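K.L.:
Need the 3D shape of this:
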Amino acid sequence: MSRTGLVLVLIGVLLNAFAQFCLKASTHVTGPIALSAGGITAGLGRVATLPWFWAGGACYALSLIVWILALSRVPVTIAYPMLSVGYIVNALAARLWLGETLGPAKLAGIGIIVLGVFILAQSRAPGVAP
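P.N.:
The predicted structure follows:
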């Protein structure tokens, strides 16, 4: 994978992860949204008033653009699995800022993800533009 491709993939992954974190931060403020027509409407209305929600939407939009740029340079068989880095980022962010727990099983899973991403990043695909 070229340096440009790797940078674009990582930026796209981080933007996507931050978007997820922002949406979770929104619901962390509002609490659970009731699973009824009125509850969903009211809950989404409350979430939409929060800056975290809008930051998440902006990050999603930007991540879409960056991801398209990345996919124009990196095979999807390498780029898509690297989205799992977002799990690592969000697990750590949720631990630090939302107080969520990271038990032994989650830490072991993160270790496996790190190993898998490292192996994927080392692979080379013939005929891929730098």
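K.L.:
for this protein, which spans come out with low pLDDT?
P.N.:
Across the chain, the ranges flagged by pLDDT under 70 are 123-130.
K.L.:
Please report the distance of the residue nearest the centre of it from Ile65.
P.N.:
Centroid-nearest residue in the chain, with C-alpha atoms, centre = their mean: Ala17, separated by 2.3 Å. Per C-beta to C-beta, to the nearest Å, Ala17 is found 16 Å from Ile65. For every residue, glycine as well, the C-beta is placed using N, CA and C.
K.L.:
Likewise for Val29?
P.N.:
The gap separating Val29 from Ile65 is 28 Å, by C-beta to C-beta.
K.L.:
Show me which of the two is the more surrounded one.
P.N.:
Applying other C-beta atoms under 10 Å to Val29 and Ile65 shows that Val29 carries more neighbours, namely 14 against 11.
K.L.:
Give me the nearest residue to that one, chain neighbours excluded.
P.N.:
Spatial nearest neighbour of Val29, excluding adjacent residues (C-beta to C-beta, 6 or more residues apart in numbering): Leu50 at 5.9 Å.
K.L.:
Counting neighbours, what do you get for the one you found?
P.N.:
Applying other C-beta under 10 Å, I find that Leu50 has 18 neighbouring residues.
K.L.:
wouldn't it be in contact with Thr27 here?
P.N.:
No: using C-beta atoms under 8 Å, Leu50 is not in contact with Thr27; the gap is 9.2 Å.
K.L.:
Between the two, which contacts overlap?
P.N.:
Residues touching both Leu50 and Thr27 (C-beta atoms under 8 Å, 6 or more residues apart in numbering): none.
K.L.:
mind listing the helices for the protein?
P.N.:
All helices of the chain, identified by DSSP state H, fall at 3-30, 37-47, 51-71, 76-79, 85-98, 104-122.
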